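Visitor: okay, sequence plus prediction incoming.
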Amino acid sequence: MDGMGVEEEEDDCPELVPIQPGHPTEQIPVTIITGYLGAGKTTLLNYILTEQHNKRIAVILNEFGEGSALEKSLAVSQGGELYEEWLELRNGCLCCSVKDNGLKAIENLMEKKGKFDYILLETTGLADPGAVASIFWVDAELGSDVYLDGIVTVIDAKFGLQQLTEEKSDGLINEAARQIALADLTIINKVDLVNEEELKQVRDVIRSINGLVKILETQRSRVDLSQVLDLHSFDDKAGVHLEERLRLVKPTKPHLDKSILTVTFEVAGDLSEDALNVFIQDLLWEKMFKNKEGQPMTVIRLKGIVSFAGKAHQVMLQGVHELYELNETPQLWEENQRINRLIFIGRNLDKDVLQEQFVSTLVQGAERN
Ligand SMILES: Nc1nc2c(ncn2[C@@H]2O[C@H](COP(=O)(O)OP(=O)(O)OP(=O)(O)O)[C@@H](O)[C@H]2O)c(=O)[nH]1
């Protein structure tokens, strides 16, 4: 990983001033920036830190790149502070580099409420962003200060394909593929290093994993910030458009036998909330459903719009690994046909089996009522 680059380059050098405690504000969005080793995460964050954009963004840079396991274990065993001082940059950004997964740094940052409107959190290249994302759901204290806006995955145009198609021993999930499965936005970076045909192959593999994700292409991670921030991937604001977006999602075809892919189906009618919970828990927690080859299905990301009997509003379903939540959206069904549209991204998924299980759980739910 690169250093911040702000100390080495005189021209870009932002003025560093100590931060005064700010005023409390409302919940702050957090975007998780993930991506395989060397894809361009730090380049993206440095770009945001030095560009003029009139936004007050707090950036948490992860200090660990390749081969840093030793350094990390030293930092942890010393038991000292795992983050450094927060610095205020000339363009209004705040910055700090961390030696853990960044959550402590967010807690520390909250003492400076009012000084920033947005948090970008970089994870290490091999991290499972789902584990970090889950903490925003389960940590009530953190959840009252911040909310997860989206997961952005940076992909190396040159080496991404190789990283994504690498088969892991012991049937483990390929980390680079998992990062795409969880992404709300992917950025294919280093487009200068590939030709159009190679770029298309990367695009196709991303699409084969995640049928819902938006794809941007960049050089030196120079993106239009408005396309990266405020995605509202997990909240009601997205729910308003989610039904339409989900309707456009196409199932994907695997690029490898064991690869992660997207399946989607739609079933008309109303559900009982209890029956839906049974279906989801059997799938995510009990891992009861198997594909036709007898392999258990693993869901990494789950999204949906569902219709509950007696509820006028559409309900949004969001799941990351084993955690899920159901939230009413502001959108009313009104005269629209009530439907349940679900999207699953994961491994060993079989649409027919999932849909059959979904329908049978719901029928049983209706019989119980
Ligand atoms: N040719 C080319 N090189 C790039 C581009 N973007 C970034 N790089 C270089 O790629 C290398 C890795 O970039 P980083 O931003 O450090 O990647 P990272 O994802 O933070 O890496 P880790 O922290 O190790 O996971 C650096 O040497 C960058 O200068 C690009 O668009 N084109």
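Guide: The structure has been received and is ready for your questions.
Visitor: what number of residues lie near K41?
Guide: The local packing of K41 (other C-beta atoms under 10 Å) involves 29 other residues. (Glycine included, C-beta is placed from N, CA and C.)
Visitor: just checking, it touches Y47?
Guide: No. At 10.7 Å, K41 does not count as touching Y47 under the criterion of C-beta atoms under 8 Å.
Visitor: following the chain past the lowest-mean-pLDDT helix or strand in the chain, name the next helix or strand.
Guide: Within the chain, no helix or strand scores below helix 69-78, which has a mean of 38 by mean pLDDT, DSSP states H and E. Once the chain leaves helix 69-78, the next helix or strand it forms, by DSSP states H and E, is strand 87-88.
Visitor: the helix or strand hosting V30 pairs with which strands?
Guide: In this structure, V30 sits in strand 28-35 according to DSSP H and E. The strands beside strand 28-35 in its sheet (DSSP bridges) come out as strand 118-122 (parallel), strand 146-156 (parallel).
Visitor: tell me who's in contact with E85.
Guide: Shown in contact with E85 (C-beta atoms under 8 Å, 6 or more residues apart in numbering): C96.
Visitor: number of residues surrounding E273?
Guide: Residues lying near E273 (other C-beta under 10 Å) number 15.
Visitor: my bad, should have said T361
Guide: Residues lying near T361 (other C-beta under 10 Å) number 21.
Visitor: that one and V278 touch, don't they?
Guide: Yes. Using C-beta under 8 Å, T361 makes contact with V278 at a distance of 5.6 Å.
Visitor: bridging residues for the residue positioned nearest the centre of the chain?
Guide: Centroid-nearest residue in the chain: I151, 2.6 Å away (criterion: C-alpha atoms, centre = their mean). Under DSSP bridges, the beta-bridge partners of I151 are I32.
Visitor: ditto for the one 5 residues further on
Guide: Beta-bridge partners for D156, by DSSP bridges, are N189.
Visitor: okay, how far is it across stretch 178-198, tip to tip?
Guide: 21 Å (C-alpha to C-alpha, to the nearest Å).
Visitor: could you confirm whether that stretch reaches the ligand?
Guide: Yes. Using C-beta under 6 Å from any ligand atom, stretch 178-198 comes into contact with the ligand via N189, K190, D192, L193.
Visitor: now do the residue nearest to G160 when sequence neighbours are not counted, the pLDDT please.
Guide: Excluding the flanking residues, the one nearest G160 by C-beta to C-beta, 6 or more residues apart in numbering is V202, at 5.1 Å. At V202, the model reports a pLDDT of 95.
Visitor: beyond the strand holding V30, next helix or strand please.
Guide: Next along the chain after strand 28-35, taking DSSP H and E as the criterion, comes helix 41-50.
Visitor: from the chain's centre, how far out does that following helix sit?
Guide: Relative to the centre of its chain, helix 41-50 is centred 18 Å away, using C-alpha atoms, centre = their mean, to the nearest Å.
Visitor: what about the strands in the stretch 201-350 of the chain?
Guide: 214-217, 260-268, 298-306, 313-320, 323-332, 339-347 (DSSP state E, counting those that start in this stretch).
Visitor: save these as TSV, and put in mean pLDDT, mean neighbour count and distance to P251 too.
Guide: As requested, those are arranged in TSV below (pLDDT from 0 to 100; neighbours: other C-beta atoms under 10 Å; distance: least, C-beta to C-beta, whole Å):
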stretch	mean pLDDT	mean neighbour count	distance to P251
strand 214-217	96	16	17
strand 260-268	92	20	5
strand 298-306	94	23	14
strand 313-320	93	22	18
strand 323-332	90	15	21
strand 339-347	93	23	9
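Visitor: out of the ones you listed, which gets nearest to the ligand?
Guide: strand 214-217 (10.1 Å; C-beta to the nearest ligand atom).
Visitor: so which bits of the chain are right by the ligand?
Guide: The chain comes close to the ligand at residues 1-2, 35, 37-43, 65-66, 125, 189-190, 192-193, 219-221, as judged by C-beta under 6 Å from any ligand atom.
Visitor: select only the buried ones of those in PyMOL?
Guide: A single PyMOL command selects the buried members of those (16 or more other C-beta atoms under 10 Å):
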select buried, resi 1+35+37+38+39+40+41+42+43+125+189+190+221
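Visitor: looking at the residues of stretch 178-198 next to the ligand, which is nearest E51?
Guide: Nearest to E51 among the residues of stretch 178-198 next to the ligand, counting by C-beta to C-beta, is N189 at 15.8 Å.
Visitor: so the closest one sits against I215, correct?
Guide: No. N189 is not in contact with I215 according to C-beta under 8 Å; the separation is 11.5 Å.
Visitor: low pLDDT regions in the stretch 1-150 of the chain?
Guide: By pLDDT under 70, the weakly predicted segments of the stretch 1-150 of the chain are 1-25, 64-84, 101.
Visitor: mind doing that once more with 50?
Guide: Scanning the stretch 1-150 of the chain with the threshold set as pLDDT under 50 gives 1-11, 13-25, 65-82.
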